[in-house]
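Visitor: Quick one: sequence plus predicted model below, questions after.
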Amino acid sequence: MSPGRCKAAPSEKLFEQQPEGQKLASSKARREEFLTKGVAMERLQQSLEALQLHSLSNSAQAVTVLTGLLTVLLFSVRIFVPTRAARWLRKVPGPPSYPVVGNLIEIFSKGYHECHKEWLSMYGSVYKYVMGDTLLVVSDPDVVQQVGIRMFKTFHDRQMPGFLDENQAGKALVFSKGPYWSGVRNAVLPLFHTAKLQHFGRTMHECAELLVTRLEKAAANKEQLNLLEWAGEMTMDVLGSSAFGVTFNSQVGEKTEGLNLTKAVSGNLASMAELRFSTLLAILCPPLRKPAQWLMSLIPGTGDNVGKKRNVYMMRESKKIIQARRKEADVAETRHDFLSMLTQARDKTTGEPLSDASIQAIVYEFLGAGTDTTANTLSFAVYSLTNNPAAEEKMRREIRAFYEKLEKEGVKDTAFRPTYDELAQFPYVEQVVQETLRLYPTGAVLSRQASEDCQVAGIHLPKGVNVLIPVYAMHHNPEVFPDPEEFRPERFDPAEVAGRHPYAYIPFGLGPRMCLGHRFAMEEAKLALIRLYKTLTFSVVNEKILRPDGKLDLQVGIVLKPRNGMWVVPQVQR
Ligand code: HEM
């Protein structure tokens, strides 16, 4: 290994987790178990069947054959010429991998989050695995802090997943890079200041109230429903209204200006989690991603084709809204939606306004990053509370006490209460959300890419290597969180928090690239829980959501979610 240029404290003891002989024996046993059971292959086959290859036209077939040949050629190069990351990381421990597919089969069969949990316990807090290229994983909170904060200059960016459109995603925040990212992040930060959050609180109350009304009706009919879908419609309404300043009303299915946009956005989000032919190629052989995407987008009915059409529609419609907002620039200052605020925003370094293309990309990214994440968190919270009646009762007492106090004070109109500031009177609701995000962090794995050769945890890393932080596995580490599968909101009592490393719990990430919407998300999740549990309680339909071993069936696509939704029966409790 070549010596690195940037310096950081080495911590070789991270490698002392397991004696070498034991490690080899256990990995051999695992490989045999894997091959004999054949479960992995069966799962991979199912996934491949989901690929959209059925509607190939003749001309496209010819191009497909050529792409196939090129794939074989590039894969052969991959097998015989190891990448720089593979060479530099060859001494780092990790699960055994196979040519071309790397560890993909294991990831498909067990789930990405479970693999990291298992690998962390087997190989310690620094290990590698192969998915397309060789990736380094670090989970020691000191090293996490080093990568996310102290070495931010080196680990400034994330690699964009191959299946995303660079022209669009590269103009927003999550996957933009370098000075462009810092310019946009600084311009966008004021959207999440306390004064704005206070304003968005009213929209959040309205949308949560609508959800409660729908659930009360369902309760009267003893209806079984998928809360994940219903909560998703609510979070889409909240973010859609906050972003565009138009009523989305996807919860009531009204034909509003925003409804078609909602459908297009949620369609695109859902399709991102699909395993497409072009996605698989993007993971296994990134150079083939663009031709494969282009090819598949020509074939009617494929995910790439439908996604492209949705994108064209979304871009056209949002451009119209932006242009209208620019015309009413003086009014825009008094409007509180993201679009209006973004048309006013200036890049801090250049003083230039953001381009229409950047504004479109940012708004769509907010819709993508801020809807499923919060809806999943709410569903996981309801599931956890239903299975922990003592915690549910404690939270309900806190909610009841707040409204009783308002009543005593003679407050008649409680439609928008609690306000943003009054949320501080709900410490237990806050702990419930925190514990939910510990058990089920929707952003299950974080990533950073090295912009130069460097050294982390005593390992020399080449420029371009991806370093991952396995949040789910860290949050389930029994050494940090005893009985990690237990839902215990009291873990977030200030005294217990003080006893833990500040970077052992990172549901919103860390450092300058931490989640931009974390305060917005916490406000929305807490307000929604308060409004739901003010009048409702739930039972879960276990047979629809649990695995045969009795655990909640989870899936990691773009985010961690309950694989089959969150089926519940609501009941009114006055
Ligand atoms: C429970 C809800 C949410 C969770 C768990 C969550 C989690 C995350 C995580 C883990 C990251 C990566 C951080 C890192 O790499 O250090 C992230 C990034 C981001 N999130 Fe969230 N998020 C949530 C809601 C939201 C909302 C509501 C918005 C916007 C309105 C949002 C916008 C973003 C953006 C723009 C980034 C990229 C930040 C950057 O790179 O500068 N998120 N989020």
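Guide: In hand now; what should we look at? Here the structure is a predicted model, which is why all the values come from computation and not from measurement.
Visitor: which residues touch P512?
Guide: I149, F152, R185 (C-beta atoms under 8 Å, 6 or more residues apart in numbering). From N, CA and C alone the C-beta is placed, and that goes for glycine too.
Visitor: end to end, how far does stretch 342-357 reach?
Guide: With C-alpha to C-alpha, to the nearest Å as the measure, stretch 342-357 spans 11 Å from end to end.
Visitor: and that stretch, anywhere near the ligand?
Guide: No. Stretch 342-357 lies out of reach of the ligand by C-beta under 6 Å from any ligand atom, never closer than 12.3 Å.
Visitor: one step back: now the contacts of P512 in TSV, with distance to E118 and neighbour count?
Guide: Converted to TSV, the contacts of P512 look like this (distance: C-beta to C-beta, whole Å; neighbours: other C-beta atoms under 10 Å):
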residue	distance to E118	neighbour count
I149	28	15
F152	30	15
R185	35	15
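Visitor: So which of those residues sit within helices?
Guide: Residues of these located in helices (DSSP state H): R185.
Visitor: which one among the contacts of P512 gets closest to Q573?
Guide: R185 (43.2 Å; C-beta to C-beta).
Visitor: Could you measure from the closest one over to the ligand?
Guide: Counting by C-beta to the nearest ligand atom, to the nearest Å, the gap from R185 to the ligand is 5 Å.
Visitor: What's the local residue count around the closest residue to that residue other than its chain neighbours?
Guide: Using C-beta to C-beta, 6 or more residues apart in numbering and skipping the chain neighbours, the partner closest in space to R185 is L173 (6.1 Å). Applying the criterion other C-beta atoms under 10 Å, we find 19 residues in the vicinity of L173.
Visitor: give me the residue from the stretch 251-400 of the chain nearest the ligand.
Guide: In the stretch 251-400 of the chain, the residue that lies nearest the ligand is G370 (2.7 Å; C-beta to the nearest ligand atom).
Visitor: Can you name the residues that contact E229?
Guide: G565.
Visitor: what separates it from the ligand, distance-wise?
Guide: For E229, the distance to the ligand - C-beta to the nearest ligand atom - is 17 Å.
Visitor: Just the pLDDT for that residue.
Guide: On pLDDT, E229 comes in at 91.
Visitor: State the three-state secondary structure for it.
Guide: Of the three states, E229 takes helix under DSSP: H, G, I helix; E, B strand; the rest coil.
Visitor: pretty sure G517 is touching L191, no?
Guide: No. Contact criterion C-beta atoms under 8 Å: G517 and L191 do not qualify, at 9.1 Å.
Visitor: Looking at these two, which has the bigger crowd around it?
Guide: L191 (22 against 18).
Visitor: Quick check: that one is in a helix.
Guide: Yes. If the criterion is three-state DSSP, then L191 is within a helix.
Visitor: give the contact list for it.
Guide: L191 is in contact with F338, M341, L342, A345, counting by C-beta under 8 Å, 6+ apart.
Visitor: okay, now the second one: neighbour count?
Guide: M341 is flanked by 21 other residues according to other C-beta under 10 Å.
Visitor: Over to the first one?
Guide: The local packing count at F338 equals 24, with neighbours defined by other C-beta under 10 Å.
Visitor: Contact residues of the stretch 451-574 of the chain facing the ligand?
Guide: Checking the stretch 451-574 of the chain against the ligand by C-beta under 6 Å from any ligand atom, the hits are P507, F508, G509, L510, R513, M514, C515, L516, G517, F520, A521.
Visitor: Format the contacts of P512 as JSON lines; extra columns: distance to S121 and pLDDT.
Guide: Listed next are the contacts of P512 as JSON lines, based on distance: C-beta to C-beta, whole Å; pLDDT from 0 to 100:
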{"residue": "I149", "distance to S121": "26", "pLDDT": "98"}
{"residue": "F152", "distance to S121": "29", "pLDDT": "98"}
{"residue": "R185", "distance to S121": "36", "pLDDT": "93"}
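Visitor: Those residues of the protein touching the ligand, which are they?
Guide: So the chain meets the ligand at 173-174, 185, 365-366, 369-370, 373-374, 377, 442-443, 446, 507-510, 513-517, 520-521 (C-beta under 6 Å from any ligand atom).
Visitor: Counting neighbours, which of those end up buried?
Guide: Buried subset of the residues of the chain next to the ligand (neighbour count, 16 or more other C-beta atoms under 10 Å): 173-174, 365-366, 369-370, 373-374, 377, 442-443, 446, 507-510, 513, 515-517, 520-521.
Visitor: so where do the helices sit in the stretch 351-500 of the chain?
Guide: For the stretch 351-500 of the chain, the helices defined by DSSP state H, counting those that start in this stretch cover 356-386, 389-408, 427-439, 471-475, 494-498.
Visitor: which of the residues in the longest one are buried?
Guide: Pointing back at helix 356-386 there. For helix 356-386, burial by neighbour count (16+ other C-beta under 10 Å) applies to 356, 358-386.
Visitor: What ranges in the stretch 451-574 of the chain fall below the confidence cut-off?
Guide: By pLDDT under 70, the low-scoring segments of the stretch 451-574 of the chain are 574.
Visitor: Check the spacing between the closest residue to the ligand within the stretch 201-350 of the chain and Q293 real quick.
Guide: At 6.2 Å from the ligand, L239 is the closest residue in the stretch 201-350 of the chain, using C-beta to the nearest ligand atom. For L239, the distance to Q293 equals 27 Å [C-beta to C-beta, to the nearest Å].
Visitor: Of those two, give the one with the bigger neighbour count.
Guide: Each of L239 and Q293 has its neighbours counted (other C-beta under 10 Å); L239 has more, 29 against 23.
Visitor: Is that one in a helix, a strand, or coil?
Guide: With three-state DSSP as the basis, L239 sits in helix.
Visitor: hang on, it packs against F366?
Guide: Yes. Between L239 and F366 there is a contact under C-beta under 8 Å: 6.2 Å.
Visitor: if we can go back for a sec, so who does the residue of the stretch 251-400 of the chain closest to the ligand touch?
Guide: With contacts defined as C-beta under 8 Å, 6+ apart, the neighbours of G370 are T235, L239, G517, F520, A521.
Visitor: In CSV: those residues, plus distance to G351.
Guide: Formatted as CSV, these follow (distance: C-beta to C-beta, whole Å):
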residue, distance to G351
T235, 34
L239, 29
G517, 26
F520, 27
A521, 31
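Visitor: which one of the residues you listed sits closest to P502?
Guide: Of those, the one sitting nearest to P502 (C-beta to C-beta) turns out to be A521, at 19.5 Å.
Visitor: which SS class is that closest one?
Guide: Of the three states, A521 takes helix according to three-state DSSP.
Visitor: quick one: the nearest residue to it once chain neighbours are set aside from R417, how far?
Guide: Spatial nearest neighbour of A521, excluding adjacent residues (C-beta to C-beta, 6+ apart): T374 at 5.2 Å. According to C-beta to C-beta, T374 stands 21 Å off from R417.
Visitor: Also V569?
Guide: 28 Å.
Visitor: Just want to know which of those two has more residues nearby.
Guide: Per other C-beta under 10 Å, whichever of V569 and R417 has more neighbours is V569, with 17 against 14.
Visitor: what phi and what psi does the backbone show at the more buried one?
Guide: With angles defined as degrees, to the nearest 10, V569 sits at phi -120, psi 110.
Visitor: ok, it - contacts?
Guide: A219, K222, E223, Q224, L225, F538, S539, V541.
Visitor: so who does the fourth one touch?
Guide: Spelled out, that is Q224. Contacts of Q224 (C-beta under 8 Å, 6+ apart): V541, K544, W567, V568, V569.
Visitor: Show the model's pLDDT score for it.
Guide: Looking at Q224, its pLDDT stands at 97.
Visitor: What helix or strand is M160 located in?
Guide: M160 belongs to no helix or strand when assigned by DSSP states H and E.
Visitor: Run a quick neighbour tally on it.
Guide: Neighbour count of M160, defined by other C-beta under 10 Å: 17.
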